[in-house]
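A.B. asks: predicted model and sequence follow; I will ask about them next.
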Amino acid sequence: MTAVNVVLDASVLVRAAVDRAPDARAWTARLGGDVHGHAPELIWAEAASALRLYVTTKAMSRVLAHEVLANLMRLDLESHALRELAVPALERALQQRVSVYDACYLVLADALGATLVTADRRLAKTATEADLIA
């Protein structure tokens, strides 16, 4: 069986690890099996930024945030260099009025012919093909 390509955004990782959202956990559980996961390398900084917010609002300890990030970074997820995504992401961001960061996910998904998996409704609406998780 050939693995299906998907691009996961940081919202999926955070919802899987922190919120324990069933849809997000189902996607991350499939990585390395029937799903070949991809993401722009900025996913790690975005996940860390989300975890920082949990810490600053006292929803999570600093130690736990580091543990969660370490666990996320062990996921079978192929990260792609931003150097190749930046130029097309800038154009996509200008055309579709999204952030360049979000456009990196969109451009990568299109380049791979992959489904974008996200919890961001606006981003899902902008994608060529998306799975919007709860």
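C.D. replies: Thanks, I have it.
A.B. asks: how about the helices in this structure?
C.D. replies: 10-14, 22-30, 42-56, 62-73, 82-96, 100-112, 121-126 (DSSP state H).
A.B. asks: so which of those is the most packed in?
C.D. replies: Among the helices of the chain, helix 10-14 has the highest mean neighbour count (mean count of other Cβ atoms under 10 Å), at a mean of 25. (Glycine included, C-beta is placed from N, CA and C.)
A.B. asks: pull the CA atoms of that helix into CSV?
C.D. replies: The C-alpha trace of helix 10-14 is given here as CSV (Å, rounded to 0.1, in the frame of the first residue of the first chain):
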residue,chain,number,x,y,z
ALA,A,10,1.2,23.3,13.7
SER,A,11,-2.4,23.5,14.8
VAL,A,12,-2.8,19.8,14.2
LEU,A,13,0.4,18.9,16.3
VAL,A,14,-0.7,21.2,19.2
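A.B. asks: now do that helix: which elements does it pack against?
C.D. replies: Helix 10-14 is packed against helix 22-30, helix 42-56, strand 115-118, with contacts defined by 3 or more Cβ pairs under 8 Å, 6 or more residues apart in numbering; DSSP states H and E.
A.B. asks: mind running it again at 10 Å?
C.D. replies: helix 22-30, strand 35-40, helix 42-56, helix 62-73, helix 100-112, strand 115-118 (3 or more Cβ pairs under 10 Å, 6 or more residues apart in numbering; DSSP states H and E).
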